[in-house]
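Engineer: Please find the sequence and the predicted model below.
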Amino acid sequence: MKVVIQFTKSEELRALPIILRGSPGTILPNATYILEEKVVTELREAGIELTEVSRESSAPRLEGVGSGERI
């Protein structure tokens, strides 16, 4: 599961070593990252403060279903 998180600038510097050795992620502006849940868990276990902005939805997707098609 992907998690969107945000750091303060000082916490971001502390978090970078863990982020860089963890799974691939996405870096966005304003110290915002999209990371795997296991990396976020590692950051919390290391005592790094972060704000969870969003989580990937676990709701079923309608991929492959055409517009107006019965499900």
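Structural biologist: All right, it came through fine.
Engineer: ok but residue 17 is inside a strand, no?
Structural biologist: No. Looking at residue 17 with DSSP: H, G, I helix; E, B strand; the rest coil, it is helix, so not inside a strand.
Engineer: need the helices for this structure, in chain order.
Structural biologist: 9-21, 37-45 (DSSP state H).
Engineer: packing partners for the shortest one?
Structural biologist: Right, the one you point to is helix 37-45. strand 2-6, helix 9-21 (3 or more C-beta pairs under 8 Å, 6 or more residues apart in numbering; DSSP states H and E). Every residue, glycine included, has its C-beta placed from N, CA and C.
Engineer: Only the buried residues of that helix, if you could.
Structural biologist: 39, 40, 42, 43 (16 or more other C-beta atoms under 10 Å).
Engineer: same question, stretch 26-34
Structural biologist: Buried residues in stretch 26-34, counted by 16+ other C-beta under 10 Å: 31, 33, 34.
Engineer: can I get the CA coordinates of it in PDB?
Structural biologist: Provided in PDB are the C-alpha atoms of stretch 26-34 (Å, rounded to 0.1, in the frame of the first residue of the first chain):
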ATOM      1  CA  THR A  26       8.000   9.500  -5.300                       C
ATOM      2  CA  ILE A  27       9.300  12.900  -4.100                       C
ATOM      3  CA  LEU A  28       6.900  15.800  -4.400                       C
ATOM      4  CA  PRO A  29       7.300  19.500  -3.600                       C
ATOM      5  CA  ASN A  30       7.100  20.700   0.100                       C
ATOM      6  CA  ALA A  31       8.800  17.700   1.700                       C
ATOM      7  CA  THR A  32       6.000  15.400   0.500                       C
ATOM      8  CA  TYR A  33       6.700  11.800  -0.400                       C
ATOM      9  CA  ILE A  34       4.700   8.800  -1.700                       C
END
